[in-house]
Structures are given as C-alpha cells and as structure tokens.
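In: got a structure for you, letters missing:
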C-alpha cells in the first residue's frame, strides 16, 4: 500500500528521528510513504479566525496533491496532523472557506475535502493492524513499563479529528502491547504540556510538564513515548523529574529489528 506523506518542517530538521524510524518501520510492515513534492509548512497552529484563508492554503495544496494521486494522506507530527485534518474538515463543511480557497488556488478541479487524512498511528491500527504488527516483532520490548503521552493536539477537537476517545484514549496503549511491553495508564497522559507557551511562560509550562512526569512516574512508568516533537522537547527540557522520552516510531523500529539501520 502506498500513501502520500506530509512530513512537515520539524521532521526535516529537529525531529528527523521521528521521520527516519517511521520510514524504516513502514518498509518492514509493507507500506510506502511517498513524500509529497514541494510541500509547504502547514503553519503549525490551526488559525481560529473565520476569515483566515492564506495560512490554510499550504494544507489544501497537500490535500489536493494526495487526492490527485488517489491516495490517503499520512502525517506524523501531531501539530501537522491537527492542522491538516481541521483544514480538510473546513474544506468539506464550510462553504465560504472552500469557495475562497479554491478561487485563490485556481485548480482545474475544485477541492472539497475528499482526501482521507490519517496519522501514522491510524495506519498501524486501522490499515496494518496491531495483531499483524505483533507477528512481525522480532525484538519484543518485554519487561518495559511505558507511559503513552498523547498531549492535546492528537485528540481534540474529538468530533473533527476522530483519532480516539479524547478523555480515555487507547491507541498508544494498544501499540505498546503490540510491541510486547506493558503500558502504564496514568491520569495526565492527555493533558497539555504547555508547548505553545513554553517560550513566553517558561515557569508555567515547566509546572505543567512536571505534573505530567510526576503522574507518569508515580504510576510506575519507566519512560514515555509521544508523537509530538514539541511535546518531546518540552518534556525533556522543562522538567525536574527526568523520565526518558522517545518518539513512538523509535520503539517501533527497535521492536521490528531495524533501529540500528537508521542513521539520525
């Protein structure tokens, strides 16, 4: 199976590991990530202004590029997924935005939200299947107690993202089980780390991160995994309780026996 792939800016710079391990794991699991040509930054933040069109156009271009190939669009970065999925919902349901965006882009065929947007984790769960992943694990992570850190962007708004239950998600825990490890369910796994205020309000963001870390370690987690580059950075640099934090793709590559093949 081949998917159009939107890596986003951070996966090309500070978060190369998230991207590289995902590509290596995809090859083992039998699907291909075909990077979109000439993709542009999604902006990283979904614009809340109802009349804001310009910052949504890069997402629309990516959605159209995937649609032209008849492929589903896969993302990895939580922020990119959040923005592109919400813009796609706008193009599908908000006539004013759809009309203005298409008028600006002047595409031969107007775009109306036809492309399916998937996070890489959704590909693992809904296309490959965790049972199939379990069969391909050659290096099970037996004995590790791993806490899943979702953050906020993957889960909310729940009715638009439709990723998982925003109050009681399970996809990362099921992923951890498929790799042979033990998931640790702790109360603050879906709370915000303060990522977008970490530069202006360092103390507040630090307290938020410490609460998450204390919650995870208090329930017995030995490490955390995440899909968000900003969350990983914030949890690694804004806390006094230092649990190691990894991208979920790194553990996937390790369990599939291809981690050592990746240079990051």
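Out: Noted; the coordinates are in hand. Everything quoted here is computed from the prediction, not taken from an experiment. Residues are numbered from 1 along each chain as shown.

In: now do the contacts for residue 233.
Out: Contact criterion C-beta atoms under 8 Å, 6 or more residues apart in numbering gives 14, 195 as the residues in contact with residue 233. (Each C-beta comes from the backbone N, C-alpha and C, glycine too.)

In: change it to 10 Å
Out: Contact partners of residue 233, counting by C-beta atoms under 10 Å, 6 or more residues apart in numbering, are 10, 14-15, 193, 195, 198, 245.

In: repeat for residue 208
Out: Contact partners of residue 208, counting by C-beta under 10 Å, 6+ apart, are 188, 191-195, 197-198, 201, 234-235, 238-239.

In: what does the pLDDT read for it?
Out: The confidence metric pLDDT takes the value 94 at residue 208.

In: quick check: the gap between residue 22 and residue 109.
Out: In this structure, residue 22 and residue 109 are separated by 30 Å, where distance is defined by C-beta to C-beta, to the nearest Å.

In: looking at the two, which is more packed in?
Out: The residue with the greater number of neighbours, taking residue 22 and residue 109 and applying other C-beta atoms under 10 Å, is residue 22; the counts read 26 against 10.

In: need the mean per-residue confidence for the helix or strand harbouring that one.
Out: Secondary-structure assignment from DSSP states H and E places residue 22 in helix 16-29. Averaging pLDDT along helix 16-29 gives 98.

In: the helix or strand following that helix pairs with which strands, parallel or anti?
Out: Proceeding N to C from helix 16-29, the next assigned helix or strand is strand 32-35, under DSSP H and E. The strands that strand 32-35 pairs with in its sheet are strand 2-6 (parallel) (by DSSP bridges).

In: list the buried residues in the strand it pairs with.
Out: Of the residues in strand 2-6, those buried by neighbour count under the rule 16 or more other C-beta atoms under 10 Å are 3-6.

In: cool, stretch 131-144 as well?
Out: Using 16+ other C-beta under 10 Å as the test for burial, stretch 131-144 gives 133, 137, 141, 144.

In: residue 212 contacts residue 195, doesn't it?
Out: No. The pair residue 212 / residue 195 is not scored as a contact, 11.4 Å apart, by C-beta atoms under 10 Å.

In: settle it for me: which of those two has more neighbours?
Out: Between residue 212 and residue 195, counted using other C-beta under 10 Å, the more crowded position is residue 212 (30 against 24).

In: SS state for the residue nearest to the more buried one when sequence neighbours are not counted?
Out: Leaving aside its chain neighbours, residue 212 sits nearest to residue 188 (4.7 Å; criterion: C-beta to C-beta, 6 or more residues apart in numbering). Here residue 188 is coil, with the state taken from DSSP: H, G, I helix; E, B strand; the rest coil.

In: how many neighbours does residue 188 have?
Out: Each residue near residue 188 was counted by other C-beta under 10 Å, and the total is 20.

In: so which bits of the strand or helix carrying residue 79 are buried?
Out: With elements delineated by DSSP H and E, residue 79 resides in helix 78-93, which encompasses its position. Taking 16+ other C-beta under 10 Å as the basis for neighbour counts, the residues of helix 78-93 that come out buried are 78-91.

In: with that, I have no additional questions.
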